[in-house]
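# Sequence and predicted model, in that order:
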Amino acid sequence: MDRQLGAYKFPAILRAAGFNVISHLERYGSQRDTEPDPSIAIECGKQKNVLITADPDFETLYAKEVRESKIAVFYLTNNHEGAEIWGARVLAAHSDMQRELGRRRKPFVAHITTEGRVNLVRLYYKKKVKTIHIRKPKTEESNLPQ
């Protein structure tokens, strides 16, 4: 989990729901603010982890590292709304995330919307990137609890 998502509250929300979470603080300790993002992607690949980030630019800035480390990255819409809102979105998107992890070959980057859905996946091949838009089911307004 990326440092932008916090060290305590957001990981606790996901853990309470059964996620196996390794926060940025737990992985890097006191070096958490100096660890460069490309290293995070590489480490996630070595550990076979999925990365959750609130940095929408991660996929473009670090596409090379995502591709080389063969990881899955799920990114949230923004990094300023707080743990409760992010937590609700990730929990609502959990079945979408599981579906994409089971369906897609890594490396890929997927977007979690404000409605708590995965609506876009970018598959990274050696020399190209393929973007897949995932439509919202017609009977479903939002995955978020009302």
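Received the coordinates, thanks.

# wait, R104 sits on A72?
Yes - counting by CB atoms under 8 Å, A72 is a contact partner of R104 at 7.5 Å. No exception for glycine: its C-beta is placed from N, CA and C like everyone else's.

# Those two: which has the busier surroundings?
A72 (21 against 15; other CB atoms under 10 Å).

# got the CA coordinates for the lengthiest helix in the chain in CSV?
As assigned by DSSP state H, the longest helix anywhere in the chain is helix 83-103. Extracted C-alpha coordinates of helix 83-103, given in CSV (Å, rounded to 0.1, in the frame of the first residue of the first chain):
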residue,chain,number,x,y,z
ALA,A,83,-9.3,6.7,4.9
GLU,A,84,-13.0,6.2,5.4
ILE,A,85,-13.9,7.1,1.8
TRP,A,86,-11.0,5.2,0.3
GLY,A,87,-11.7,2.2,2.5
ALA,A,88,-15.4,2.2,1.4
ARG,A,89,-14.4,2.4,-2.3
VAL,A,90,-11.8,-0.4,-2.1
LEU,A,91,-14.2,-2.7,-0.1
ALA,A,92,-16.9,-2.0,-2.7
ALA,A,93,-14.5,-2.7,-5.5
HIS,A,94,-13.1,-5.9,-3.8
SER,A,95,-15.1,-8.3,-6.0
ASP,A,96,-14.1,-6.3,-9.1
MET,A,97,-10.4,-6.5,-8.0
GLN,A,98,-10.6,-10.2,-7.4
ARG,A,99,-12.2,-10.7,-10.8
GLU,A,100,-9.5,-8.7,-12.6
LEU,A,101,-6.7,-10.5,-10.6
GLY,A,102,-8.2,-13.8,-11.7
ARG,A,103,-8.9,-12.8,-15.3
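
# Many thanks, I have nothing further to ask.
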